[in-house]
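[1] Predicted model and sequence below, questions to follow.
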Amino acid sequence: QVQLVESGGGLVQAGDSLRLSCAASGRTFGSVAMGWFRQAPGKEREFVAAISWSGGRTVYADSAKGRFTISRDNTKNTVYLQMNSLRPEDTAVYSCAVTFRAAGSSWYRVDAYDYWGQGTQVTVSS
């Protein structure tokens, strides 16, 4: 079992920045990658970014490229999502997830992940 706990969400204004954290515990050894997803009210969960276990490979959704940066600190079992230049359309619940099996070409898929956190709310006002 793996437990994932997100933090760092909040209410900000357009143009502001936030850094989300995802702390992992439990049987994390052997994980392939971790990802961030978001879900806005009335919409499906969508991919934001993913990072390999080593941190050597990252993948971003087009909406995140140039504004968001995913990183990880394996000494703390934590993955981060630095979000800059936030827009009202970034408002959503952000969740992290871990996969033990998916190849990099599948990291954008919801069904590629094995464990999920509860999520943290990010609200961006205009």
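    Received, thanks. Numbers count the residues shown, from 1 in each chain.

[2] What ranges does this structure have for its strands?
    2-7, 10-13, 18-26, 33-39, 46-52, 58-60, 68-73, 78-83, 92-99, 115-116, 120-125 (DSSP state E).

[3] Tell me the strands beside the fourth one, with direction?
    Going back to what we said before, that points to strand 33-39. Counting by DSSP bridges, the strands paired with strand 33-39 are strand 46-52 (antiparallel), strand 92-99 (antiparallel).

[4] Give me the most central residue, this structure.
    Centroid-nearest residue in the chain, with C-alpha atoms, centre = their mean: residue 36, separated by 1.8 Å.

[5] Leaving out the residues flanking it, which one is nearest to that one?
    residue 48 (4.3 Å; C-beta to C-beta, 6 or more residues apart in numbering). To be clear about C-beta, it is placed using only N, CA and C from the backbone, and glycine gets the same treatment.

[6] Just the pLDDT for that neighbour.
    Looking at residue 48, its pLDDT stands at 98.

[7] Does it touch residue 35 like I think?
    Yes: the criterion here is C-beta atoms under 8 Å, and residue 48 meets it with residue 35 at 7.5 Å.

[8] closest one to residue 108 among the strands paired with strand 33-39?
    Comparing the strands paired with strand 33-39 against residue 108 with C-beta to C-beta, the closest turns out to be strand 46-52 (4.2 Å).

[9] between the closest one and strand 68-73, how big is the angle?
    In terms of direction (axes from the mean of the first three to the mean of the last three C-alpha atoms, to 10 degrees), strand 46-52 departs from strand 68-73 by 40 degrees.

[10] Run through who's touching strand 46-52.
    32-39, 57-61, 63-64, 68, 70-72, 79, 81, 94, 104, 107-110 (C-beta atoms under 8 Å, 6 or more residues apart in numbering).
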